[in-house]
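*Asks:* My questions concern the predicted model and sequence given below.
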Amino acid sequence: MLEKALRGNKYYWMWLGFLGTFMAIGAICYVRQYNYGLGMTGMSRDVSWGLYISQFTYLVGVAAGGVMLVLPYYIHNYKEFGRITILGEFLAIASLVMCLMFIIVDLGQPIRAFNVMLHPTPHSMLFWDMLVLNGYLFLNLLCGWVILTAEHKEVPPPKWIYPFVYISIPFAISIHTVTAMLYCGLPGRHFWLSAIIAPRFLASAFAAGPSLIVVAALILKRISKFDAGKKAIDKMVTIILYAALTNAFFVCLEFFVAYYSNVPAHKAALNYLFFGITEHGVTYNNLVPFMYGFVILGVIAIALLSIPYTRKKNEFFLGLGCVLMFISLWLDKGVGFVLGGFVPNPLEQITEYYPTPNEIMITIAVWCTGFFILSILYKIAVKVEEDIHG
Amino acid sequence: MDKKRRDFLKIAGISTLAGLGGPAVVDRLVNGTSPVGANAAREYDPDAQGETHKAGAGEHGEAAEGAKTRKRWGIVIDLRKFREDPELAEKAIKVCNYNHNVPHFTNKRHEVKWIWLTEFENAFPEHSQYHKDTKTLETEVLVLCNHCDSPPCVRACPTKATFKSPDGIVGMDYHRCIGCRFCMAACPYGSRSFNWRDPRAGLDMKKINRKFPTRMRGVVEKCNMCVERVGIGLQPACVEVCSESKAMIFGDLNDPNSEIRQVLKNNFTIQRKPSMGTHPSVFYIV
Amino acid sequence: MYDSDKIIPGLIIFVLFITFPVWYNHGDASAEPKPELPKGVKECVLPVADMRAEHMQLLNKWRDEVLRDGDWAFDVKVAGKKYQKSLMNTCMECHKSRKKFCEKCHKYASVTPYCWDCHFAPVE
């Protein structure tokens, strides 16, 4: 079926070329970073994880979000999702590849990455994260490919694949739970030390992942004969809406706990993220605009997705709502969550983080690689659908 | 045998296996080689419960065989002595940096620190007071790796590149570190540094200690409590340099007769962030 | 065969390409390396053959024993003298030259161990 990705119109090739250009630039930037060390990035002793790990965290969520299609279809037999489940599985593949790439570019000694398997350490959450991420990647490759092949041949999928599909559901939950555990099990990082991190991650994941799928479905409907169906999209928007509201609720709970308890350490990172901290006459607030963006875009997105006119009558507003939702949650988890957790540092000093251009180019390149893979996979999926339904 | 029965048996078999295997895994995780449970702490020193480090651990420790044979190195830092001689801290820092070839970078982003001076309120953020006394205000505190008895960094490390030695020192194996910096996020004391670039670029290669290696870029490093000296019966370099004034006292926390235990018995000491449950092996007399 | 005009030249290029190292280095065998041995000392930590074959495993073993198990004792005996398990402070005490000893064979075998990224060889 791979050959289906080799035939496309000129826009398809232009799109791939566009992504490929950024991938090439990013590769050069990575060589620079590899030769000099991670000092090429804006990270420091105090903010020791930067854009790379925050993107990783967000994308784990996007990967897990696909389960919101798999679960209703395979467990609740919700037939409307039949055609787009594959979009969820393929999105998970692309996201996971991005996750693994972000981990690799973040490592100080990438050639030693296999030490994680040579010296397995079950008390490290990173070890489990490696297991569940690779497991989920394998499951999605397997299920996605087998089911699409069956569809291609116009036969029902083989029975043996179903156990793997069912296993992939708890795996989706686990990837984001274990990723949350990377953070919420660390003493001395009060912003992360919260039992609500895992559920909050899942809630935002179940909004972010499906948002991207809805956008993709709307685009595919315009540029190909692949139609996800009005009912399916509407159901997904419902899921996005509930998940986003749950996430907002959880964020509010974090605020309540911090500010009502009035414990300084709990308030510090929230203060820094949303209002800025002033210390020794210097104001540190470089993440405040992002957090305002998160809130404002989130409110607009929720409005667009819940007002009947914008949600049902006008596909532009529907798509815009989903895009804004995706960006809003990215600002929350892909920027604020990881970077904010490092401020203030364990000695209650403040160091701000500014990514360097080299680092930003690598980050963009990894995103482009993900969308490159996603485009190819969606191309195949769409072509298979088109061949069958003409 | 009809089909349903076979299916049932299959499922039953698999569940039994899972049932048998599951608890074993949990057991291994909690006990085994893992430092997750603070049981290691019990074995070493039954009374080392973080903030309330009572004297006379031996009385309770008698029962545990391990307590007698195992060492747990610790340091007491007497801030009074450092106030008396303001140059002492600089000396300690200098000798450490020289001994371990700790690089110096002018760019703060690339900074590497093993032992350094910080304000009292930064070293002890949990000891905030309204209207501090002048002494405390003036005190700068030497901070270094606490060599915790239940170290969060060791728990976090995915390759056992950072580990707890049998003598209580939290060590680093730079050959194995993959540079994921999970330990840096896990350390509640900010004691760990990363080699953002080749450390030799931050060293004067003519003035280095050729008996001790440098690190390479892309690995995490920190104070090693001078294992290379302690291993051959010497005291850590920083302690040795202060030996005249006894501003730093080094010894075995598990030996009730050691000097450090006597000092702990006769002085009120505090530890950094005891509420983290890390059981630091570094104590301060204010 | 379809497209034989493309396939056959393609195959030839492919074969030439993957055998590149073989014919590129052909007839270029450098002389057997002769690492300079310390003068006056006949003994090493292990017999010569073992050292030749397994010095890297030994170094790894030493590293783990010293660093991880805290075994800093002077219990390596060579010609009656006691040493620590250490590359920098033991091996290089007799084998004073990295260039004339280590690198002779390493260059010949085209291996680049990263010991010296961190450890120091004696000044030459």
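*Replies:* Good, I have the coordinates.
*Asks:* what's the nearest residue to residue B:218 once chain neighbours are set aside in contact with, if anything?
*Replies:* With sequence-adjacent residues excluded and distances taken as CB to CB, 6 or more residues apart in numbering or on different chains, residue B:218 is closest to residue A:108, at 2.8 Å. Using the backbone N, CA and C atoms, a C-beta is placed for each residue, glycine as well. Taking CB atoms under 8 Å, 6 or more residues apart in numbering or on different chains as the definition of contact, the neighbours of residue A:108 are A:37-38, B:177-181, B:194-195, B:217-220.
*Asks:* what do you get for residue B:76?
*Replies:* If a contact means CB under 8 Å, 6+ apart, then residue B:76 has B:248, B:249, B:260, B:263, B:264, B:267, B:269, B:282, B:283, B:284, B:285 as its contacts.
*Asks:* Can you give me the distance of it to chain A?
*Replies:* Note on residue B:76: its distance to chain A, by CB to the nearest CB, to the nearest Å, is 21 Å.
*Asks:* Residue C:31 too?
*Replies:* Noted for residue C:31: a distance of 32 Å to chain A, by CB to the nearest CB.
*Asks:* check whether stretch B:221-237 contacts chain C.
*Replies:* Yes - contact of stretch B:221-237 with chain C is found when judged by CB under 8 Å from any CB of the partner chain, involving B:227, B:228, B:231, B:232.
*Asks:* Nearest to chain C: which residue in chain B?
*Replies:* Each residue of chain B has a distance to chain C, by CB to the nearest CB, and the smallest belongs to residue B:231, at 2.7 Å.
*Asks:* Give me the neighbour count for that residue.
*Replies:* Counted with other CB atoms under 10 Å in any protein chain shown, the burial measure for residue B:231 works out to 18 neighbours.
*Asks:* and the residue in chain C positioned nearest to chain B, which of the three is it?
*Replies:* When distances are taken as CB to the nearest CB, chain C approaches chain B most closely through residue C:72, which lies 2.7 Å from it. Three-state assignment for residue C:72 (DSSP: H, G, I helix; E, B strand; the rest coil): coil.
*Asks:* if I pick residue A:336, what's in contact with it?
*Replies:* When contacts are counted by CB under 8 Å, 6+ apart, residue A:336 is found next to A:273, A:287, A:290, A:291, A:294.
*Asks:* close enough to count as contact, the fourth one and residue A:272?
*Replies:* The reference is to residue A:291. No - taking contacts as CB atoms under 8 Å, residue A:291 lies outside contact range of residue A:272: 9.5 Å.
*Asks:* Between those two, which has more neighbouring residues?
*Replies:* Counted by other CB under 10 Å, residue A:291 and residue A:272 do not tie: residue A:272 has more neighbours, with 26 against 21.
*Asks:* how about low-confidence regions in chain C?
*Replies:* Residues of chain C meeting the criterion pLDDT under 70: C:1.
*Asks:* Let's verify the spatially most central residue of it: helix, strand, or coil?
*Replies:* When chain C is reduced to its mean C-alpha position, the nearest residue by CA atoms, centre = their mean turns out to be residue C:106, at 4.3 Å. Here residue C:106 is helix, with the state taken from three-state DSSP.
*Asks:* swap in residue A:193?
*Replies:* Counting by three-state DSSP, the backbone at residue A:193 sits in coil.
*Asks:* Spell out which residues of chain C are next to chain B.
*Replies:* On the criterion CB under 8 Å from any CB, chain B has as its neighbours in chain C the residues C:63, C:66-74, C:84, C:88-89, C:114, C:117-120, C:123.
*Asks:* now do 10 Å
*Replies:* Within chain C, the positions adjacent to chain B are C:60, C:63-64, C:66-74, C:84, C:86-89, C:92, C:114-123 by CB under 10 Å from any CB of the partner chain.
*Asks:* re the thing from before, ok, the residue nearest to the centre of chain C touching residue C:112?
*Replies:* Yes - with the criterion set as CB atoms under 10 Å, residue C:106 and residue C:112 qualify as a contacting pair; they are 6.9 Å apart.
*Asks:* which neighbours do residue A:291 and residue A:272 share?
*Replies:* With contacts taken as CB atoms under 10 Å, 6 or more residues apart in numbering or on different chains, residue A:291 and residue A:272 have A:285, A:336, A:340 as neighbours in common.
*Asks:* In helices only, show me these.
*Replies:* residue A:340 (DSSP state H).
*Asks:* Mind putting the shared contacts of residue A:291 and residue A:272 into a markdown table with pLDDT and distance to residue A:23?
*Replies:* Compiled in a markdown table, those are given as follows (pLDDT from 0 to 100; distance: CB to CB, whole Å):
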| residue | pLDDT | distance to residue A:23 |
| --- | --- | --- |
| A:285 | 91 | 34 |
| A:336 | 93 | 27 |
| A:340 | 93 | 30 |
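*Asks:* any idea which of the shared contacts of residue A:291 and residue A:272 is closest to chain B?
*Replies:* Ranking those by separation from chain B, with CB to the nearest CB as the measure, puts residue A:340 on top at 12.9 Å.
*Asks:* pretty sure the closest one contacts residue A:275?
*Replies:* No - when contacts are counted by CB under 10 Å, residue A:340 is not listed as touching residue A:275 (11.8 Å).
*Asks:* Give me the spatial nearest neighbour of residue B:139, chain neighbours excluded.
*Replies:* Beyond its immediate neighbours in the sequence, the residue positioned closest to residue B:139 (CB to CB, 6+ apart) is residue B:120, lying 4.9 Å away.
*Asks:* what about the one you found, distance to residue B:285?
*Replies:* Taking CB to CB, to the nearest Å as the criterion, residue B:120 is separated from residue B:285 by 13 Å.
*Asks:* Show me which of those two is the more surrounded one.
*Replies:* Neighbour comparison, residue B:120 and residue B:285: the larger count goes to residue B:120, with 21 against 18 (by other CB under 10 Å).
*Asks:* neighbours of residue B:223, just the number please.
*Replies:* Residues lying near residue B:223 (other CB under 10 Å) number 26.
*Asks:* Check the gap between it and chain A for me.
*Replies:* Taking CB to the nearest CB, one finds residue B:223 at 14 Å from chain A.
*Asks:* what do you get for residue B:233?
*Replies:* When distances are taken as CB to the nearest CB, residue B:233 and chain A turn out to be 30 Å apart.
*Asks:* what's that residue in contact with, if anything?
*Replies:* Under the criterion of CB under 10 Å, 6+ apart, the contact partners of residue B:233 comprise C:72, C:73.
*Asks:* Doesn't it belong to a strand?
*Replies:* No - residue assignment for residue B:233, taken from three-state DSSP, gives coil, which places it outside any strand.
*Asks:* Give me the pLDDT value at it.
*Replies:* On the pLDDT scale, residue B:233 is placed at 91.
*Asks:* check which helix or strand covers the closest residue to chain C within the stretch 251-390 of chain A.
*Replies:* Using CB to the nearest CB, the point where the stretch 251-390 of chain A gets nearest to chain C is residue A:358, with a distance of 23.1 Å. Residue A:358 belongs to helix A:357-389 when elements are defined using DSSP states H and E.
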